[in-house]
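Trainee: Output the structure for:
(one chain, ligands or ions: 1)
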Amino acid sequence: MAKDLVRESQIEKPSNSSSVLEAANIDFSYENGYKVFEDINLSLNRNEFVAIVGPSGIGKSTLLRILGGFLKPDKGSVYLMGKKINRPTPDIVLIHQSIVTFPWMTALENVMVSLKAKHIPNDKAEEMAKEALETVGLQGFEDLYPKEMSGGMRQRVAIARALAADPLVFLMDEPFAHLDELTAEGLRQDIYNILFSPDTPLKGVVLVSHNLTEVIELADVIYILNNVPATVVGKVQVDLPRPRSPRSEAFNRLLDSLYNYLTPPKVKKP
Ligand SMILES: Nc1ncnc2c1ncn2[C@@H]1O[C@H](COP(=O)(O)OP(=O)(O)OP(=O)(O)O)[C@@H](O)[C@H]1O
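Mentor: Numbering: from 1, shown residues only. Here you go, the predicted structure:
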């Protein structure tokens, strides 16, 4: 295996080596022959929050799984810090919409799980887990069990656990979808600062969401997928100052233009 890695790093040359994560010329079909992507190109730069939007079923979750090395493209490659990835790596964490906490463990123990998996000694793991909980705003709640927490607090615990594992990239698939709107709004307001706080080694985030308001609130760059097979039909740089107000005129202009992109997908004729 080590030999393979050496050979790959010698041969493979990413097309944009300044990217944290890059997908280059990706084609992908599921085993049943359904072709989801044709020539997808996406680049996540340092300290960037990228969002992927597109009509339902277009392939957003599939693309996240390809970016995380969970699915292998038929053509093209994914590069992490310039190095081709072929399989999942602890440097990339995928956070799903379902909030995964272990109900029999306290907040602290839930976060310590990912540290113990890395064989970090108990004392050090506890210290690091406390820091991660503090980063997500749960200082003082270390001893609560999930049943004693709100949905938003549980999602913060899940994020703290992912952060404690020191990943370089977060892939987030509808992370706020199961939260009520008020809780989601509170977490959205915090998440950008949490993820890019100087205490985390995180270098970039890719978010998939149906909620265009959420996407404009958070993203630096928005990739729009459409058509079957899907390609990138638009890339929008969001230059609005933070924090962003959904009531501002510029915000709503951008929202309207995104809606215009999300027309029903056209199926490419064979
Ligand atoms: N394991 C699979 N085998 C075959 N086809 C699949 C499989 N998983 C997903 N698909 C199909 O691939 C396409 C893309 O699915 P995917 O879940 O990535 O879309 P999405 O854009 O994330 O959808 P949504 O917005 O509804 O969550 C869909 O047409 C889906 O039916």
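Trainee: residues in contact with Glu214?
Mentor: By CB atoms under 8 Å, 6 or more residues apart in numbering, the contact list for Glu214 reads Phe176, Ala184, Arg188. To be clear about C-beta, it is placed using only N, CA and C from the backbone, and glycine gets the same treatment.
Trainee: roughly how far is the strand or helix carrying it from the heart of the chain?
Mentor: Using DSSP states H and E, Glu214 sits in helix 212-218. Computed by CA atoms, centre = their mean, to the nearest Å, the chain-centroid distance of helix 212-218 equals 14 Å.
Trainee: Quick check: mean pLDDT of that helix?
Mentor: In this model, helix 212-218 has an average pLDDT of 94.
Trainee: go on, stretch 158-170?
Mentor: 89.
Trainee: okay, how far is it across it, tip to tip?
Mentor: The straight-line separation of the ends of stretch 158-170 (CA to CA, to the nearest Å) is 12 Å.
Trainee: sorry, back to before: CA atoms only: put the helix holding Glu214 into CSV for me.
Mentor: Output in CSV follows, covering the C-alpha atoms of helix 212-218 (Å, rounded to 0.1, in the frame of the first residue of the first chain):
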residue,chain,number,x,y,z
LEU,A,212,-30.9,28.8,-0.4
THR,A,213,-31.2,31.4,2.3
GLU,A,214,-29.0,29.3,4.5
VAL,A,215,-26.5,28.9,1.6
ILE,A,216,-26.3,32.7,1.0
GLU,A,217,-25.9,33.2,4.7
LEU,A,218,-22.9,30.9,4.9
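Trainee: and it, does that touch the ligand?
Mentor: No: for helix 212-218, no contact with the ligand is found by CB under 6 Å from any ligand atom; the gap never falls below 12.5 Å.
Trainee: picking that back up, columns pLDDT, secondary structure and distance to the ligand on top of the contacts of Glu214, output as a markdown table?
Mentor: Shown next, in a markdown table, are those (pLDDT from 0 to 100; DSSP: H, G, I helix; E, B strand; the rest coil; distance: CB to the nearest ligand atom, whole Å):
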| residue | pLDDT | secondary structure | distance to the ligand |
| --- | --- | --- | --- |
| Phe176 | 85 | coil | 14 |
| Ala184 | 81 | helix | 17 |
| Arg188 | 83 | helix | 19 |
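Trainee: For the closest residue to Glu174 other than its chain neighbours, grab the count of nearby residues.
Mentor: The shortest distance from Glu174 to any non-neighbouring residue, by CB to CB, 6 or more residues apart in numbering, is to Gln97 (3.9 Å). Counted by other CB atoms under 10 Å, the residues lying close to Gln97 total 16.
Trainee: where does Gln97 sit relative to Ala117, distance-wise?
Mentor: As for Gln97, its distance to Ala117 is 23 Å (criterion: CB to CB, to the nearest Å).
Trainee: so which of the contacts of Glu214 is the most crowded?
Mentor: Of the contacts of Glu214, with other CB under 10 Å as the count, Phe176 tops at 24 neighbours.
Trainee: so that one touches Val208, yeah?
Mentor: No: counting by CB atoms under 8 Å, Val208 is not a contact partner of Phe176; they are 11.2 Å apart.
Trainee: Leaving out sequence neighbours, find the closest residue to Tyr223.
Mentor: Ile52 (5.0 Å).
Trainee: So which residues on the protein come close to the ligand?
Mentor: Counting by CB under 6 Å from any ligand atom, the chain sits next to the ligand at Tyr30, Asn32, Tyr34, Val36, Gly54, Ser56, Gly57, Ile58, Gly59, Lys60, Ser61, Thr62.
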